[in-house]
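[1] coordinates only, no sequence provided:
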């Protein structure tokens, strides 16, 4: 090169410090399956018996560390790749794939499924001890991993930057230098003939707590919380999981807590507000910026709108109704110090907590007063908002109700999308 000789610098004794991961979120069982034709030829490769365009089922909580268990019931090896994040390989373990597949198809039916995947515990099917990862996979960040046939391949996934140290990463706290919420990422087989034939699924990161997957044969107590598909549920009665009391069909057994967000592709509108008079004394910060205008409040779980129903009597119930275009569904957010008052356009009454402190109590309407019952804190929840009553501490809650005229209620902080509202101009 006709250049001066350069002495290379000595390599450091240690190139990098890689965090050790410990799961702090519910485990995920993710099944790899295939479909064949009459000649035994593979025609479709799937994940969890679902095709790419069907609703998302994976909603990892930002900041948490998941244990993903790739359960391969196919006769083929696969290579799994997860977008957005890198992960670590924990181990692999042999299992009776033939028996597991027969039982899994028995409870789910033939794929592609037209329902959320029903999870089947893997422990009864294990046939040997865990096998440590290959040397090149030991304590290393990976973006792809081999998933052998007849094996369960376990990976640890921390939904936070990989350069954070051991023990870092707080569930619900975003430490990425960008907003990861509500955007579609994918996980898939990295063999192109597989991913191009449906072995690819979406995932969406969320800020709220994830509950364990609902699983056949598990006994649940009153109040137990589970995930099934894109919703999370709470048990209303003690029950043992069966096809008859599946959360999406057994409304007397399970109450919807929240529905995971769809992939967000457009900016979320801000709700216009106008100042109220008089303004009671309150904590001076933060102070909203007043702008005149009305908006509608649409429940994130059910799509129902808060509706004044044309009621003009103090103490009348606030209700919910499908999209009607009526001024009964139009509300003005008036600034009251660092709180809001919510005034109906048709009647002039305000949403009022009525001093009710019991979960499930009905939200009322009342003419303007300086009472704390009419003052609400607005909390931003990703693309939605929640409203917390100053007097009672309860949140506006749609309760999962879908009938026109159903009551608008109040409930303590549940993390449910029943308490989240989309602001619609």
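    Done, it's in. Fair warning: this is a prediction, and the values are worked out from it, not measured in the lab.

[2] you'd agree residue 365 is in a strand?
    Yes - counting by DSSP: H, G, I helix; E, B strand; the rest coil, residue 365 falls inside a strand.

[3] from residue 328, how far off is it?
    To residue 328, residue 365 is 11 Å away according to C-beta to C-beta, to the nearest Å. C-beta coordinates here come from the backbone N, C-alpha and C atoms, glycine included.

[4] and the two? Which one has more around it.
    Between residue 365 and residue 328, residue 365 has the larger neighbour count (other C-beta atoms under 10 Å), namely 27 against 20.

[5] once you drop chain neighbours, what's closest to the more buried one?
    Of all residues not flanking residue 365 in the chain, residue 349 sits nearest, at 3.9 Å (C-beta to C-beta, 6 or more residues apart in numbering).

[6] helices and strands of the chain: which one has the lowest mean pLDDT?
    The helix or strand of the chain with the lowest confidence, counting by mean pLDDT, DSSP states H and E, is strand 273-275 at a mean of 50.

[7] ok, back up a step: what touches both of residue 365 and residue 328?
    308, 344, 347 (C-beta atoms under 8 Å, 6 or more residues apart in numbering).

[8] okay, now the second one: neighbour count?
    Counted with other C-beta under 10 Å, residues neighbouring residue 344 total 25.

[9] state the phi and psi torsions of it.
    When quoted as degrees, to the nearest 10, the phi and psi of residue 344 stand at phi -80, psi 130.

[10] who does the residue nearest to residue 121 when sequence neighbours are not counted form a beta bridge with?
    Excluding the flanking residues, the one nearest residue 121 by C-beta to C-beta, 6+ apart is residue 215, at 5.9 Å. Listed beta-bridge partners, residue 215: residue 119 (assigned using DSSP bridges).

[11] likewise for residue 320?
    Legend: beta-bridge partners of residue 320 under DSSP bridges are residue 306.

[12] quick check, it in contact with residue 396.
    No - under the criterion of C-beta atoms under 8 Å, residue 320 is not in contact with residue 396, lying 10.3 Å apart.

[13] which residues do the two both contact?
    Contact criterion C-beta under 8 Å, 6+ apart; residues shared by residue 320 and residue 396: 306, 408.

[14] can you list contacts of stretch 122-136?
    Outside stretch 122-136, the residues touching it (C-beta under 8 Å, 6+ apart) are 29, 69, 71, 89-97, 99-100, 138, 151-152, 154.

[15] which intervals of the stretch 151-300 of the chain have sub-threshold pLDDT?
    Scanning the stretch 151-300 of the chain for pLDDT under 70 picks out 182-183, 259-292.

[16] strands of that one, start to end?
    With strands called from DSSP state E, counting those that start in this stretch, the stretch 151-300 of the chain shows them at 151-158, 185-189, 200-203, 219-220, 225-228, 231-235, 239-240, 254-259, 273-275, 296-299.

[17] what angle sits between the longest one and strand 185-189?
    In this case it means strand 151-158. For strand 151-158 against strand 185-189, the angle by axes from the mean of the first three to the mean of the last three C-alpha atoms, to 10 degrees is 160 degrees.
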